[in-house]
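Participant: have a look at this prediction, sequence included:
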Amino acid sequence: LDNPVNLYDFQTHARARLDPQVLAYLEGGALDEVTLHENEQAFLRKRLRPRVLRDVSTPDLTSTVLGRSIAVPVGIAPTAQHHLFHADAELAAARAAASAGIPFVGSTMSSISLEEIAQAGGLRWMQLYIQQDRVLTEKLVQRAVAAGYKALVVTVDTPVLGRRERDLRLGSPRQTYANLDDISAEGETLADAAKRLIDPRITWDDIDWLRSTTSLPFVLKGIMTGADASLAVEHGAAAVWVSNHGGRQLDRLPATIDMVAEVVDALAGRAEVYVDGGVRRGLDVAIGLALGARCVFLGRPILYALTCDGERGVAAALRIIEAELANAMALLGAPRVADLERSMVV
Ligand code: FNR
Ligand code: LAC
């Protein structure tokens, strides 16, 4: 891919290269894909109210998440099965994140093991599905601690898999799950693996159980209401991640960006707030930060960039997002991340 200028360039290039079944898995959403599209559309509907005559000569994009410094308030969301997109799999994306100084979240369902991903260095968090087998779940947590992961991201919007019709038509890709080699059959489809690995019975009691097994801070990913955000904090969450799983789970949910303010207000500073879903521009990142998110995560765009050129592709995509964010902040009159305010977005 020659001279990518924005993230859509990676998408166009990747679409032409990927096998139809893999592309369906990557791009698909649940049912009518209303939420999938709404995530992007809601960002495009936002309008900005910039402030002028503020010295923006030295943009400062640095921030922190859970007490750790990051170079840009952007992160890589957990996505399963990077082998489908590039031979270097998760290691490529994790290395690009480490070089960029941003967090990388490894999926429970990664192609390579969490220990192999750890070789990339950098700030890594572990996404956790609470599995039906709690012993295996606990073992995964202990492995993450041993491998230097700094937080658990517990995904709570997936008690069952959403009905993704593109996958139902083409079949979901047959893969291996390196973190789960003790129980996962070689070449199991993602849909079958999810049925076994995801526990539909989990409740807030299981969050309390998880908390009792580890001192790692945890983030609940897939919160879409102020009420659940408050419960998350009451059950010990250090952060709440506003997500609708990229429109892959429950359809007809609002765009994530439209729920950030409600969650921020419900928490009133008691925990950090993150958001993902439909972020395609540094400008979208600025909007998320202005509305009160502390970090904004990317899902599919990373997989497009990974498909195009492995680590180099992801690094290039991250540089573009950073440049777009710096440009947006300067034009908004916000030299520092903390200068982005809710009043700047309508
Ligand atoms: C995901 N997502 C996801 N989330 C999670 O908690 N564990 C996982 O294993 C996966 N796997 C996964 C695979 C693929 C192919 C996609 C596209 C997404 C959801 C992901 O973390 C994130 O919430 C969304 O992708 C964000 O939306 P965008 O950026 O893709 O629009
Ligand atoms: C997905 C699951 C694995 O969205 O989170 O495909």
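Facilitator: Noted; the coordinates are in hand. Ligands and ions are numbered 1, 2, ... in the order given.
Participant: could you tell me how many residues sit around the residue nearest to residue 178 when sequence neighbours are not counted?
Facilitator: Leaving aside its sequence neighbours, residue 178 sits nearest to residue 113 (C-beta to C-beta, 6 or more residues apart in numbering; 4.2 Å). Where you see a C-beta, it was placed from the backbone N, CA and C, and this is true even at glycine. If you count neighbours by other C-beta atoms under 10 Å, residue 113 ends up with 17.
Participant: how close does the residue in the chain sticking out farthest from the centre sit to ligand 2?
Facilitator: Distance from the C-alpha centroid of the chain, by C-alpha atoms, centre = their mean, peaks at residue 53 (34.8 Å). From residue 53 across to ligand 2, the span is 45 Å (C-beta to the nearest ligand atom, to the nearest Å).
Participant: what helix or strand is that residue on?
Facilitator: Counting by DSSP states H and E, there is no helix or strand that carries residue 53.
Participant: for it, phi and psi?
Facilitator: phi 60, psi 50 (degrees, to the nearest 10).
Participant: contact residues of the stretch 151-300 of the chain facing ligand 1?
Facilitator: 155, 221, 243, 245-246, 248, 276-279, 298-300 (C-beta under 6 Å from any ligand atom).
Participant: drop anything exposed from those residues.
Facilitator: The neighbour-count test (16 or more other C-beta atoms under 10 Å) marks 155, 221, 243, 245-246, 248, 276-279, 298-300 as buried among these.
Participant: inside helices: which ones of these?
Facilitator: residue 300 (DSSP state H).
Participant: show me the contacts for the residue of the stretch 151-300 of the chain found nearest ligand 2.
Facilitator: The nearest approach of the stretch 151-300 of the chain to ligand 2 comes at residue 248, 4.5 Å away (C-beta to the nearest ligand atom). Counting by C-beta atoms under 8 Å, 6 or more residues apart in numbering, residue 248 touches 28-30, 36, 162, 164.
Participant: now whichever strand or helix holds residue 323: mean pLDDT?
Facilitator: Using DSSP H and E, residue 323 falls within helix 300-332. The pLDDT scores in helix 300-332 average 98.
Participant: what helices or strands is it leaning on?
Facilitator: Secondary-structure packing of helix 300-332 (3 or more C-beta pairs under 8 Å, 6 or more residues apart in numbering; DSSP states H and E): helix 7-17, helix 20-27, strand 74-76, helix 89-100, helix 282-290.
Participant: right, and the ones you listed - which one's nearest ligand 2?
Facilitator: The nearest among these, by C-beta to the nearest ligand atom, is helix 20-27 at 7.0 Å.
Participant: in the closest one, what counts as buried?
Facilitator: Neighbour-count burial for helix 20-27 [16+ other C-beta under 10 Å]: 21-27.
Participant: Serialize the residues you listed to a markdown table and add fields for pLDDT and distance to ligand 1.
Facilitator: A markdown table is the format used below for those (pLDDT from 0 to 100; distance: C-beta to the nearest ligand atom, whole Å):
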| residue | pLDDT | distance to ligand 1 |
| --- | --- | --- |
| 21 | 96 | 12 |
| 22 | 97 | 9 |
| 23 | 98 | 10 |
| 24 | 97 | 10 |
| 25 | 96 | 6 |
| 26 | 98 | 5 |
| 27 | 98 | 8 |
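Participant: can you tell me which of the residues you listed is nearest residue 238?
Facilitator: residue 26 (30.0 Å; C-beta to C-beta).
Participant: surely that closest one and residue 300 touch.
Facilitator: Yes. Look at residue 26 against residue 300 with C-beta atoms under 8 Å: they come within range, at 6.3 Å.
Participant: for the helix holding residue 323, buried residues please.
Facilitator: Result for helix 300-332 [16+ other C-beta under 10 Å]: buried residues 300-311, 313-318, 320-322, 324-326, 328-330, 332.
Participant: all helices in the stretch 51-200 of the chain, in order from the N-terminus.
Facilitator: 89-100, 114-118, 134-146, 165-170, 190-197 (DSSP state H, counting those that start in this stretch).
Participant: of those, which approaches residue 239 most closely?
Facilitator: Residue 239 lies closest to helix 134-146 among the helices of the stretch 51-200 of the chain, at 16.3 Å (C-beta to C-beta).
Participant: report the mean confidence score over the closest one.
Facilitator: Helix 134-146 comes out at a mean pLDDT of 96.
Participant: and it, anywhere near ligand 1?
Facilitator: No. Figure legend: helix 134-146 not in contact with ligand 1 (C-beta under 6 Å from any ligand atom); closest approach 13.0 Å.
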